[in-house]
Structure formats: C-alpha cells, structure tokens
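*Asks:* test case, fold it:
(2 chains)
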There are 2 protein chains.
Amino acid sequence: MTGVATAVLLLSTAAQAQLKPEEMVETRQAGYQFMSWNMGKIKAQVVDGEESYDQAKVAAAANAIAAIANSGMGSLYSPDTTTAQLGDKTRLKPEFFQNLDEAGRIGREFNTAANQLAKVAAEGDQAAIKKAFGDVGGSCKSCHDKFRAE
Amino acid sequence: MTGVATAVLLLSTAAQAQLKPEEMVETRQAGYQFMSWNMGKIKAQVVDGEESYDQAKVAAAANAIAAIANSGMGSLYSPDTTTAQLGDKTRLKPEFFQNLDEAGRIGREFNTAANQLAKVAAEGDQAAIKKAFGDVGGSCKSCHDKFRAE
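*Replies:* A predicted model of the protein is given here:
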C-alpha cells in the first residue's frame, strides 16, 4: 500500500470512530445526567442530611463525577452541536464557541473542583466534602449561566 | 421529637431522594451510554487500531468505566422498572428480578472486569488492556443476552 493510500485509510477509519453531532449531544448529556445523579447522592448525605452518611458511597459517587469529568468530554463539543444547528436537542448556546478561552477556563475549574471533591470524599471529612461539593456545584452553575439556554 | 416521629421524618425525607421509575431508567441508561462511549475509545485505540494509542486517554476512559460501574448502579434497578411496566422505555426484562442471584453474579463480574481494565490501563501494557477490554465486553454481553430485550 502506498503512503498516500495508508493515510487515506487511516483518515477514513479514524472518521468511523467520530460521533455524529446528535451522538455527541446525547453522550455529553449522558455524562452530565450521571454526574447529576451522583451529585444528588452527595447532597442528600452530606449537605441536606436527608440520608445517613455512608463514606464509601459518597466516595464512590465523587469518584464517578471526577472520572467522568476527566474523560475528555471536551471532544463532545464541536461548533455544529449548538442550539443554532440542533434546536431543542441541546441547550448549548453558540456563544460557547465565541468564548472558548472562558469555556476552557470554566472547564478546567470544574475538573479541579471535581478532583478535589473525590480527594476529600476519599478522606471522609464531611465539612471538607460539603465545601468541595459547593465548589463543584458553583462551577456547574458558572457554565450554565454563561452557555446554557433556558 | 419522639423516636417514632423522627423515624417517620427520616423515612419521608429519604423518600424524597428516591428516583421515580422512569428516572431510574434514564439514569442507568446514561451510565451505560457514557461507559459505551469510553469503551469505544479504548476499542479504537487498542483493539482495532483505528486511532493511535494514547495511554493517558485510554486510562481516563477506563477510569470512567470503572468509576461508573462502582457507583452503586444496582440502586437504579427496581422491579417496577422493567419492560412489563415501562414498555419500550427500557429493555430490562422482568426475568432480571426472577434471577437476582445470577444478575448479581454478572454484576460483580462486570465490576471486577472494569476494575481490572482500569488497573492495566493505568499500567499501559496494550496486550493486557486488550485482554481486560474483552473481559469487560464479555460481561456486558452476558447480561444483555440474559436480561436485555431485543
């Protein structure tokens, strides 16, 4: 096989692994929904006291949030996956791609906060977990306020 | 407050944190969809060679799969969340709850396989990752064959 043919083949097979815009939206929504479920468990046990505190469960929930956050979700965002193209299938405003520096900064803050939550959840100090949980939630809200449609 | 009143309050607030059947289905589907995306990344890089191998990305993908698997997804399965009650909103056969010993065994195998995949992905040996990836996939298939409707 020639080098050019190899390159074409590589491009074509790499393209097969790419998701379509709707699949990118569904996959990132799945990640956020699963993180939200785990945030809810931590909130119920550590913030609201609705459920009794189970350190192993809180640590597992925080680990899921951090691992999802760390899994490269940025690749699920492309400029053809906003409300401008996909209507109500997504709530991602096109402004996200006009403010990539800020979007990236918020994304990095979110990852830092999620990793801190996993760290303190593994240690088990509830006051530290509550603080870190608030920081993660604040980071979520920061992105929603800027880049999520109503 | 009497002990009985406290117990009633605890039950009532705990119930607030419970998900409705449809929410349980959506949340577990979100978890599986996000795991599937990450399985696809490992497959493309390590099994099919469609994409060049990036150890950090494969390790992050494997971590996400393991952390989701370890996050207590069993609580997202209740007997009122099968095809018998929810039709095509789910593919979970009622047989799952008539074979809880086997379902539990498959679930534990899946967790063990997912943790092994995360372990070898962190170490970076591609042959070991390929083997562990196959074991995770086999565990997925085992449950689908038994308990997932067509």
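
*Asks:* is the longest helix that chain A contains in proximity to chain B?
*Replies:* Counting by DSSP state H, the longest helix found in chain A is helix A:100-123. No. Taking Cβ under 8 Å from any Cβ of the partner chain as the criterion, helix A:100-123 and chain B are apart, separated by no less than 8.8 Å. For the C-beta atoms, the positions are set from N, CA and C on the backbone; glycine is no exception.

*Asks:* could you do stretch A:68-81 as well?
*Replies:* Yes. With Cβ under 8 Å from any Cβ as the threshold, stretch A:68-81 lies in contact with chain B, specifically through A:68, A:70-72.

*Asks:* residue A:112: which of these is nearest?
*Replies:* Top of the list for closeness to residue A:112, among the residues of stretch A:68-81 next to chain B and by Cβ to Cβ, is residue A:70 at 10.6 Å.

*Asks:* does stretch A:139-150 come close to chain B?
*Replies:* No. No part of stretch A:139-150 sits near chain B under the criterion Cβ under 8 Å from any Cβ; the closest distance found is 15.9 Å.

*Asks:* averaged pLDDT, that stretch. What do you get?
*Replies:* Along stretch A:139-150, the predicted confidence averages to a pLDDT of 96.

*Asks:* starting at the chain centroid, how far to it?
*Replies:* In terms of Cα atoms, centre = their mean, to the nearest Å, the gap separating the centre of stretch A:139-150 from the centre of its chain is 12 Å.

*Asks:* list the buried ones in that stretch?
*Replies:* Within stretch A:139-150, the residues that qualify as buried by neighbour count (16 or more other Cβ atoms under 10 Å in any protein chain shown) are A:139-140, A:143, A:147.

*Asks:* host element of whichever residue of chain A sits closest to chain B?
*Replies:* Closest contact between chain A and chain B, by Cβ to the nearest Cβ, is at residue A:67 (3.5 Å). Applying DSSP states H and E as the criterion places residue A:67 in helix A:55-69.

*Asks:* next SSE downstream of that helix?
*Replies:* helix A:83-86.

*Asks:* can you list the low-confidence ranges for chain A?
*Replies:* Along chain A, segments meeting pLDDT under 70 span A:1-17.

*Asks:* rerun that using 50 as the cut-off
*Replies:* Counting by pLDDT under 50, chain A contains low-confidence ranges at A:1-16.

*Asks:* could you look up the SS state of residue A:49?
*Replies:* Three-state call for residue A:49 (DSSP: H, G, I helix; E, B strand; the rest coil): coil.

*Asks:* quick check, stretch A:40-56 touching chain B?
*Replies:* Yes. On the criterion Cβ under 8 Å from any Cβ, stretch A:40-56 is in touch with chain B at A:40-41, A:44, A:48, A:50-51.
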